[in-house]
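In: okay, here's the prediction I keep looking at, along with the sequence it came from:
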Amino acid sequence: IDADMAKKVQFYMTAYLRSLVSKADKNKVYDRLGWHDDYKTFVLAHAIYHRDGSVVAHDASKSVQTALREGVVSAGTLEGWVHGMKFYGGDKNYHNRTFLLGAFASPLLHMTGHKGVLMAASGETGRGKTTMLEACASVWGHPERLVVYGGPQGATVNAMYYMMGVSHSLPILWDETTERETQDMKEFLLAIPQGKGKIRLNKASEHDGKLATWEAIVMSSANTDDVSRILAVGKDSDPQLMRMVGVEFEEIDTSTEAKIAADKFKRAMREHYGHAGAIFIRYVTEHYLTVKRRVEQVMEEIDREMQATSP
């Protein structure tokens, strides 16, 4: 067989294999989103992204859609979303950008060797914490459906474990945890870095073989400092704090013009969402090894800059 024919056969086989993968993806039912197949495949609610650059249309299972309140969807345009996010420009919005970048970084967290971390926004009411969480949600889908209410009447800790297992690699957004029982917060903080929830039992009290796992960044907001609340519980609190990054929301422009700008931003965010995350993860999946090496390089740079001496 000559070189020209060999090349044609190669193209044919590649196209044939992609066709098989496409048919398999359409028929396969995924029980969670995020990374699959040893990080060669990333699943969103309506598309599957492969290392070879191919994208296959896909509909997530009903249980996944229900757990995430059908929030991993898109509307409007990427351009409209980008224009709206300019609201977070300027020197005074560094805390908002920290969380917004974290929304993109969540699928990359496993590259650091960690399973989970909590980013906690604290500050008085009216500092833009909830709006910031909605902005993070808009990276991947609906700005309201993907934000979980964290008060006593909201999702239970067990429900949060389940949702984290379903979203797996996407950021978890937990709003208004101020009135949450401190013990619940401690339990949750301990579980986040472990990357797995409790063993589930069926009605016969037997293990059903299902265990919620995740590799993601959890973002929460509270009107009081969660770190101080947990510190007040007892001497055994320090390990939990190693798994939390606290960000204070203090400065805010209360002028009329600032309110007008914020209202415009909120309208834009509710009209345009769910595009940026899909574009980002398509690039990451296709260039996975390059991105992973860069993450590792940045970690080394940070360790040297901070003169870190222990893992």
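Out: Cool, got the structure. Numbers count the residues shown, from 1 in each chain.

In: the stretch 1-150 of the chain: helices as residue ranges?
Out: Per DSSP state H, counting those that start in this stretch, the stretch 1-150 of the chain carries helices over the ranges 3-27, 62-67, 78-85, 94-105, 129-140.

In: for the stretch 51-200 of the chain, which spans come out with low pLDDT?
Out: 152, 198-200 (pLDDT under 70).

In: circling back: could I get the helices of the stretch 1-150 of the chain in a markdown table, plus columns for mean neighbour count and distance to residue 34?
Out: Every residue, glycine included, has its C-beta placed from N, CA and C. Shown next, in a markdown table, are these (neighbours: other C-beta atoms under 10 Å; distance: least, C-beta to C-beta, whole Å):
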| stretch | mean neighbour count | distance to residue 34 |
| --- | --- | --- |
| helix 3-27 | 11 | 15 |
| helix 62-67 | 15 | 11 |
| helix 78-85 | 16 | 22 |
| helix 94-105 | 18 | 14 |
| helix 129-140 | 25 | 11 |
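
In: just so I know, which of those lies nearest residue 288?
Out: Closest of the helices of the stretch 1-150 of the chain to residue 288 is helix 94-105, at 14.8 Å (criterion: C-beta to C-beta).

In: so how far is the closest one from its chain's centroid?
Out: 11 Å (C-alpha atoms, centre = their mean, to the nearest Å).

In: next: stretch 292-302.
Out: 20 Å.

In: C-alpha coordinates for it, CSV please?
Out: Provided in CSV are the C-alpha atoms of stretch 292-302 (Å, rounded to 0.1, in the frame of the first residue of the first chain):
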residue,chain,number,x,y,z
LYS,A,292,-2.3,20.6,33.1
ARG,A,293,1.4,21.4,32.6
ARG,A,294,0.7,25.1,32.9
VAL,A,295,-1.4,24.6,36.1
GLU,A,296,1.5,22.6,37.6
GLN,A,297,4.0,25.4,36.6
VAL,A,298,1.9,28.0,38.2
MET,A,299,1.6,26.0,41.4
GLU,A,300,5.4,25.8,41.5
GLU,A,301,5.7,29.5,40.9
ILE,A,302,3.3,30.3,43.8
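
In: give me the contacts around that stretch.
Out: By C-beta atoms under 8 Å, 6 or more residues apart in numbering, the surrounding residues in contact with stretch 292-302 are 108, 111, 112, 308.

In: could you dump the helices of the stretch 1-150 of the chain into a markdown table with distance to residue 186 added?
Out: Output for the helices of the stretch 1-150 of the chain, formatted as a markdown table (distance: least, C-beta to C-beta, whole Å):
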| stretch | distance to residue 186 |
| --- | --- |
| helix 3-27 | 40 |
| helix 62-67 | 24 |
| helix 78-85 | 34 |
| helix 94-105 | 22 |
| helix 129-140 | 21 |
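
In: so which of those comes closest to residue 159?
Out: Checking the helices of the stretch 1-150 of the chain against residue 159 by C-beta to C-beta gives helix 62-67 as the closest, at 8.9 Å.

In: the closest one - contacts with which helices or strands?
Out: helix 157-167 (3 or more C-beta pairs under 8 Å, 6 or more residues apart in numbering; DSSP states H and E).

In: closest to residue 175 out of the helices of the stretch 1-150 of the chain?
Out: helix 129-140 (5.3 Å).

In: thanks again, I'm all set now.
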